[in-house]
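J.: Return a 3D structure for these sequence lines:
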Amino acid sequence: MSALVGQTRGVVSRVVALDVPAAARAATLAERLGLEFIAADAGQADPSAAALEVSSAGLAIRSAGGVRVTAATAKLASPLLPGRDLLARALLTGQPGGPPGVVDATAGLGADGFHLAALGHRVVMIEREPLLAVLLEDALSRAVAGELGATAAAAAGLGLTGRVTLVEGDTRDYLASMQASTAIVYLDPMFPSKSGRALTGKGMNTLRLEQQRDPAAAQAEDATLLAAARAHASRRVVVKRPLRGEPLGKLAPSGSLRGRTVRYDLYAPLAANNVSSSGASAPDGSTTR
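T.: The predicted structure is shown next:
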């Protein structure tokens, strides 16, 4: 989701309190994000303008077309997926010793990071777009408070039982600041289209953020992100890609797990971090090139 940096703020210009109890929180968020605040009873809310909506039930981003986007909270409460769970296989969920720690370097709306936490992974979710970060923050707060059920509370809870840590910032800066490596770094950058436009996944297509990305700049950014991930991971780096898309940064992976529409490319860590011989190969011999 790194290509969305600054784009949601360019589209969303206001924070709207939908009810009176949410007004104070909405005002605080507006100041934090540098956006206009509109109170619930102000009568100024333009339904055709994109906005961050704040209510007693939580946060949502409403597109100019009226579609609401929220964090993927259902993933926290539902650890099982129908059919083959390729993400779980790629991230070694069933390995002896329990699910390894994961840095979800492009958290977005949290679907994959929350799912991994529900599966038992300890996950550091990094998101540098402030509007997305506040959606994730709100979702985790409601989960910790028990509003999303016991399973979600266990996955997101604070302290020793909590599995999710949310970081707002640039992944490369965060990884550079870490003194110890993490077993797996997971990347789910925006999928590119043949036209060069960034395809917006995880619900972000409703915000109409298909802004032009310079292909050369995008490739350079992707390459540096992948290099940072490989420098930090001790077992493997997993990159989600379109099934027939180019590998991230045009760097061929060690192997891939393929689904119907996406694949998970697997990269070995850099030699200095390679403390596990299982890092670059897919589980149960199913890796393909």
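J.: average pLDDT across stretch 183-202?
T.: Across stretch 183-202, the average pLDDT comes to 65.
J.: my bad, should have said stretch 270-287
T.: On average, stretch 270-287 scores 44.
J.: For Ala227, see how far away Glu221 is.
T.: Separation of Glu221 from Ala227 (C-beta to C-beta, to the nearest Å) stands at 11 Å. Quick note: C-beta positions are derived from backbone N, CA and C, even for glycine.
J.: let me redo that: Gly101
T.: 20 Å.
J.: So between these two, which is more surrounded?
T.: Set Gly101 next to Ala227 and count neighbours by other C-beta atoms under 10 Å: Gly101 wins out with 19 against 16.
J.: Show me which residues of stretch 68-79 are buried.
T.: 69-73, 75-77, 79 (16 or more other C-beta atoms under 10 Å).
J.: Take the residues you listed and keep only those in helices.
T.: Members of the buried residues of stretch 68-79 lying in helices (criterion: DSSP state H): 75-77.
J.: what would those look like in a markdown table with pLDDT and distance to Glu246?
T.: A markdown table is the format used below for those (pLDDT from 0 to 100; distance: C-beta to C-beta, whole Å):
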| residue | pLDDT | distance to Glu246 |
| --- | --- | --- |
| Lys75 | 92 | 28 |
| Leu76 | 89 | 32 |
| Ala77 | 82 | 35 |
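J.: Which one of those is nearest to Lys240?
T.: Lys75 (14.6 Å; C-beta to C-beta).
J.: State the distance from that closest one to Ala229.
T.: Plainly put, Lys75 is 22 Å away from Ala229 if you go by C-beta to C-beta.
J.: What of Leu52?
T.: Separation of Leu52 from Ala229 (C-beta to C-beta): 30 Å.
J.: more crowded one of those two?
T.: Comparing Leu52 with Ala229 by other C-beta under 10 Å, the one with more neighbours is Ala229, at 28 against 23.
J.: Give me the nearest residue to that one, chain neighbours excluded.
T.: In space, and not counting its chain neighbours, Ala229 is closest to Val185: 3.9 Å by C-beta to C-beta, 6 or more residues apart in numbering.
J.: Which strand residues bridge the one you found?
T.: Residues in a beta bridge with Val185, per DSSP bridges, are Val103, Val237.
J.: thought Thr106 was touching Pro189?
T.: Yes. With contact defined as C-beta atoms under 8 Å, Thr106 and Pro189 form a contacting pair (5.5 Å).
J.: so where do the helices sit in the stretch 1-150 of the chain?
T.: Secondary structure of the stretch 1-150 of the chain, counting by DSSP state H, counting those that start in this stretch: helices at 7-11, 23-33, 74-77, 86-90, 111-119, 130-144, 150-156.
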